[in-house]
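1. Fold the following and give me the result.
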Amino acid sequence: MKVIICEDELEQRQQIHATIVNYAMFNEPSIEVVLSASGPNEVLTYLNDYQADCFFLDIELNASLTGIDLAAEIRKKDPLANIIFVTTHAEKLKLTFTYKLAALDFIVKDEYTKFTEQVKESLQVAFNKYVQIGQVVDTDFFQIKIGEKIKNIPYNNIYYFETSVQQHKIELHEKNGRYEFYGRIKEIEEINGPFFRCHKSYIVNINHIKEIDKRSKLITMSNGALCPVSFRLMKELLEKIEL
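-> Just a heads-up that it's a prediction; the model follows:
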């Protein structure tokens, strides 16, 4: 689960960051802080190219955009993101209801120990929700487990799957890298998504098919990778793309 912090006060930002890193180290290694920002523009710039799953946002940012404004922009990009508001003024929390931002939690800045515990509790709730999202059939995420880490990968980011040279393992190729995990190609074939099993060892995302060479029976994916397609499945693949 990728976490972003946006807090203009350095000491407070460092406290949240340290709390999350320590919690992840001893409890949930799947959690990582990908950005610790002092202002909303840093967050929006990051989200132009990347994504995150959980946001700790200070409401009173010393910028043209408030934490409320930033949350609204995040919601436009990702309706499922976990947003946790942090504030010194508890009365401002009602603004999140006014703007219908569906925050996961609210943390009022208080004495150190209580604040740290609240960050941990909110983080665990967010992670539990993150895991559940990847397990629900209707969401467009593919969940994998690598060791103790759990990752939810959006369908749109996936190029293709292929069987690994290691027995009982699958390789997943996506926009942010390649992952190897235990699984069966047959199970992936049954997913309701933009995927097509073009070969006994390959499943491709049809939305990322760039070109099909019928003579050489090769598919060129949008990342430049080549995937084989079996003779008996070529016609079905062509028909599926035309739909």
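
2. so is residue 207 in a helix, a strand, or just coil?
-> helix (DSSP: H, G, I helix; E, B strand; the rest coil).

3. surely it meets residue 156?
-> Yes. Contact status for residue 207 versus residue 156: in contact at 7.1 Å, counting by C-beta atoms under 8 Å. Any C-beta I mention is one placed from the backbone N, CA and C, and that applies to glycine too.

4. joint contacts of the two?
-> Shared between the contact lists of residue 207 and residue 156 (criterion: C-beta atoms under 8 Å, 6 or more residues apart in numbering) there are no residues.

5. Going along the chain, name the helices of this structure.
-> Taking DSSP state H as the criterion, the chain contains helices spanning 10-26, 40-49, 67-77, 94-98, 112-135, 185-189, 231-242.

6. Any stretches of this protein with poor pLDDT?
-> Within the chain, the stretches with pLDDT under 70 are 89-102, 104, 111-112, 137-138, 243.

7. Let me see the domain layout of this protein.
-> Domain ranges of the chain: 2-135, 141-242, per automatic domain parsing.

8. right, so the ones you listed: which one is the most enclosed?
-> Ranked by mean neighbour count, those are led by domain 2-135 with a mean of 17 (mean count of other C-beta atoms under 10 Å).

9. to the chain's geometric centre, what's the distance from that domain?
-> Chain-centre distance of domain 2-135: 15 Å, with C-alpha atoms, centre = their mean, to the nearest Å.

10. Equivalent analysis for stretch 204-221, please.
-> Going by C-alpha atoms, centre = their mean, the spacing between the C-alpha centre of stretch 204-221 and its chain's C-alpha centre is 26 Å.

11. What is the end-to-end distance of it?
-> Taking C-alpha to C-alpha, to the nearest Å, the span from the opening residue of stretch 204-221 to its closing residue is 8 Å.

12. what's that stretch in contact with?
-> Where contact means C-beta under 8 Å, 6+ apart, the residues beyond stretch 204-221 that reach it are 155-156, 158-161, 193-196, 198, 222-223, 226-231, 234, 237-238, 240-241.

13. Does residue 47 touch residue 81 like I think?
-> No. With contact defined as C-beta under 8 Å, residue 47 and residue 81 do not form a contacting pair (9.8 Å).

14. residues bridging contact with those two, i.e. touching both?
-> Listed contacts common to residue 47 and residue 81 are residue 74; contacts here mean C-beta under 8 Å, 6+ apart.

15. that older thread, and residue 149, which of the helices of the chain is closest to it?
-> With C-beta to C-beta, the closest approach to residue 149 among the helices of the chain belongs to helix 10-26: 10.1 Å.
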